[in-house]
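Asks: Sequence and predicted structure, then a few things I'm wondering about:
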Amino acid sequence: MLLAHPALLADLVREYETLSVLDAGEGAPEARRRLDDVSYTLCVATGTRDIDSALVAARHRLPGARVHDESLIGAARPRTEERMSGV
């Protein structure tokens, strides 16, 4: 699968968020069409089928993205105190 460049994804996410804040979905036909176009492009660029998944996938590929929930990562190894005490 081809992957979109992070700069393109950043621009698309920013434009989608701007249009959403301006409530383009309820506005003029041109604004609704642009919101639909950006949503579609985000889905194609991320290989997803809905805008929520596309936004998650795009944000994950942006520079500085990191895992926010490290619960599974930390569960795989003992905590520092346990390693130090030998428990």
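Replies: That came in fine, so what should we check first? For clarity, every value in this text was computed on a predicted model and none was experimentally measured.
Asks: from here on, contacts and neighbour counts on C-alpha atoms
Replies: Will do.
Asks: what residue ranges in this protein are flagged as low confidence?
Replies: 1, 66-87 (pLDDT under 70).
Asks: Scan it for its longest helix.
Replies: Longest helix in the chain, counting residues (DSSP state H): helix 29-46.
Asks: Next secondary structure after that one?
Replies: helix 51-61 (DSSP states H and E).
Asks: what's that next one packed up against?
Replies: Counting contacts by 3 or more C-alpha pairs under 8 Å, 6 or more residues apart in numbering; DSSP states H and E, helix 51-61 is packed against helix 6-21, helix 29-46.
Asks: which of those helices sits most buried?
Replies: Across the helices and strands packed on helix 51-61, averaging neighbours per residue (mean count of other C-alpha atoms under 10 Å) puts helix 29-46 on top, at a mean of 17.
Asks: so that helix versus helix 51-61, what angle?
Replies: Here the directions of helix 29-46 and helix 51-61 differ by 60 degrees (axes from the mean of the first three to the mean of the last three C-alpha atoms, to 10 degrees).
Asks: and helix 29-46 with helix 6-21, angle?
Replies: Using the same axes, to 10 degrees: helix 29-46 against helix 6-21 is 140 degrees.
Asks: With adjacent residues omitted, what lies nearest to Leu19?
Replies: Leu35 (6.3 Å; C-alpha to C-alpha, 6 or more residues apart in numbering).
Asks: no wait, Leu42
Replies: Closest to Leu42 by C-alpha to C-alpha, 6+ apart is Ala54, at 5.8 Å.
Asks: Out of the helices and strands packed on helix 51-61, flag the one nearest Arg61.
Replies: helix 6-21 (6.2 Å; C-alpha to C-alpha).
Asks: circling back: could I get the helices and strands packed on helix 51-61 in JSON lines, plus columns for distance to His60?
Replies: Shown next, in JSON lines, are the helices and strands packed on helix 51-61 (distance: least, C-alpha to C-alpha, whole Å):
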{"stretch": "helix 6-21", "distance to His60": "10"}
{"stretch": "helix 29-46", "distance to His60": "10"}
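Asks: residue contacts, the closest residue to Leu9 other than its chain neighbours?
Replies: What sits nearest to Leu9 in space, not counting adjacent residues and going by C-alpha to C-alpha, 6+ apart, is Ala58, at 5.8 Å. When contacts are counted by C-alpha atoms under 8 Å, 6 or more residues apart in numbering, Ala58 touches Pro6, Leu9, Ala10, Val13, Leu42, Thr46.
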